[in-house]
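In: From the sequence below, what's the structure:
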Amino acid sequence: MNIVENFDLFAPRLINKQELFSSGHRACSGCAEVLAVRLMCKALGENTVIASATGCMEIVSSMFPTTAWRVPWIHVAFENAAAVASGVEAGLKALQKKGKIDGRYIKVVGMAGDGGTMDIGFQALSGAMERGHDMIYVCFDNEAYMNTGIQRSSGTPMGASTTTAPAGKVSIGQKTWKKNMPEIMVAHEIPYVATVCTSYPLDFIRKLEKARNIKGPSYIHCFSVCPTGWRSPSHTAISMGRLAVETGVFPLYEVENGHYRMSPDMPKKPRPIRDYFKSQGRFRHLTDADIDMIQNRVNKEFQKLVEKTKYLKTGNE
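Out: I've put the predicted structure just below:
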């Protein structure tokens, strides 16, 4: 492995220089999700098998007869990435036990977007986590079914305008609050749950490395800015991710064996959500009253998380 030394707030980092997700794919300009996949592969390394649901990353990375993947990768149906990943994990264990393959540690990963995770893939994911498979599941959350035309999902935030929840005279767009998928995974009592964002690459890599070294199921929820679906400038994907974190819309934290820890990149006092909304066409229709209503909810949820990190800290803090 080729490595280069970088530094975070705590210790030197050894970042894998090998590119296991190659250039030449067909992702949209400014896509933060494809950057997230690249960082994920760097963190996990070569001894990885990935089961990938139908979605943007499958479409852009596997146009026949080419592939951007440099690790074993399986394209599966929209709803069963977690089921296939758990089957691969069980199969690898059986082959190693029978001596048919060597005993190296191989991490199996299931991955899908917010629709394939939080909606039609939720049953398979819940089952895989409950059974305790030694695997990682990564949700790349761009907050709608972007690949098929920007339809709303249960990951779409309140007030966002999509093709199936359009804003109009009698509607502000999405009428329900975003499903809190990380907390649902915490309720499964799995060893590790974390939120990540490509705008904070060292935090991202550290959490994926931790998930790789944990024996048992881990869940990673990745915030993936989508300039196409959000109607935002393509060059702002990184700054938009930072704004989501700085406003508390998408807090960075991890839950290890039930103990909460806020990431050091999180601000003590979040910025107003107007700073985050103003560059996105999907929120352009919101009134001051709408924004105040959403701000109140964001404040409430952020404070709940702060309280959890205060009372459910890790033992060494």
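
In: So Thr162 is in contact with Ile150, correct?
Out: Yes - judged on CB atoms under 8 Å, Thr162 makes contact with Ile150 at a distance of 5.2 Å. From N, CA and C alone the C-beta is placed, and that goes for glycine too.

In: which neighbours do those two share?
Out: Common contacts of Thr162 and Ile150 (CB atoms under 8 Å, 6 or more residues apart in numbering): Ala144, Gly229.

In: quick one: low-confidence ranges for the stretch 51-200 of the chain?
Out: Under the criterion pLDDT under 70, no range of the stretch 51-200 of the chain is flagged.

In: Show me the helices in it, by range?
Out: 56-61, 81-97, 114, 122-131, 181-186 (DSSP state H, counting those that start in this stretch).

In: okay, these, which one's buried deepest?
Out: Highest mean neighbour count of the helices of the stretch 51-200 of the chain: helix 114, a mean of 27 (counted as mean count of other CB atoms under 10 Å).

In: All the strands of the stretch 151-300 of the chain, residue numbers only.
Out: Shown for the stretch 151-300 of the chain, the strands assigned by DSSP state E, counting those that start in this stretch span residues 167-168, 171-172, 192-197, 218-223, 253-256, 259-262.

In: what's the spacing between the second one and its chain's center?
Out: To tie it back to what came earlier, the one meant is strand 171-172. On the basis of CA atoms, centre = their mean, to the nearest Å, strand 171-172 is displaced by 27 Å from the centre of the chain it belongs to.

In: which other residues reach that strand?
Out: Under the criterion CB under 8 Å, 6+ apart, residues Met158, Gly159, Ala165, His285, Leu286, Asp290 lie in contact with strand 171-172.

In: Then the third one?
Out: Contacts of strand 192-197 from elsewhere in the structure, counted by CB under 8 Å, 6+ apart, are 36, 182, 185-186, 203-204, 207-208, 210-211, 214, 216-223, 241-242, 244-245, 250-257.

In: Tell me which stretches of the stretch 1-150 of the chain form strands.
Out: Using DSSP E, counting those that start in this stretch, the strands of the stretch 1-150 of the chain run over 3-7, 12-16, 48-53, 73-76, 107-113, 135-141.

In: Kindly reformat these as a markdown table containing distance to Ile273.
Out: Below are the strands of the stretch 1-150 of the chain laid out as a markdown table (distance: least, CB to CB, whole Å):
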| stretch | distance to Ile273 |
| --- | --- |
| strand 3-7 | 31 |
| strand 12-16 | 31 |
| strand 48-53 | 30 |
| strand 73-76 | 36 |
| strand 107-113 | 23 |
| strand 135-141 | 17 |
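
In: quick one: which of these is nearest Ser86?
Out: strand 135-141 (6.3 Å; CB to CB).

In: Describe which strands that closest one pairs with in its sheet and in which direction.
Out: Strands that pair with strand 135-141, judged by DSSP bridges, come out as strand 107-113 (parallel), strand 218-223 (parallel).

In: Tabulate those (TSV), appending distance to Ser234 and mean neighbour count.
Out: Output for these, formatted as TSV (distance: least, CB to CB, whole Å; neighbours: other CB atoms under 10 Å):
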stretch	distance to Ser234	mean neighbour count
strand 107-113	19	28
strand 218-223	17	27
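
In: Please name the residues that touch Pro227.
Out: Contact analysis of Pro227 by CB under 8 Å, 6+ apart lists Cys28, Ser29, Gly30, Cys31, Pro233, Ser234, Thr236, Ala237.

In: any idea of the mean pLDDT in stretch 217-231?
Out: The average pLDDT for stretch 217-231 rounds to 97.

In: Now do that stretch: distance from first to last residue.
Out: Between the opening and closing residues of stretch 217-231 there is a gap of 35 Å (CA to CA, to the nearest Å).

In: Just give me the neighbour total for the residue nearest to Ser153 when sequence neighbours are not counted.
Out: Excluding its sequence neighbours, the residue lying closest to Ser153 (CB to CB, 6 or more residues apart in numbering) is Gly115, at 4.3 Å. Gly115 sits with 29 neighbouring residues when counted by other CB atoms under 10 Å.

In: quick one: contacts for Gly115?
Out: If you count contacts by CB under 8 Å, 6+ apart, Gly115 has them with Gly55, Phe78, Gly121, Ala144, Tyr145, Gln151, Ser153, Gly155.

In: Quick check: the third one touching Ala77?
Out: No - proximity of Gly121 to Ala77 does not meet the contact threshold set by CB under 8 Å, at 9.1 Å.

In: Overlap in contacts, those two.
Out: Both Gly121 and Ala77 are contacted by Ala53, under the criterion CB under 8 Å, 6+ apart.

In: Of those two, which one has the most company?
Out: More crowded of Gly121 and Ala77, by other CB under 10 Å: Gly121, with 26 against 14.
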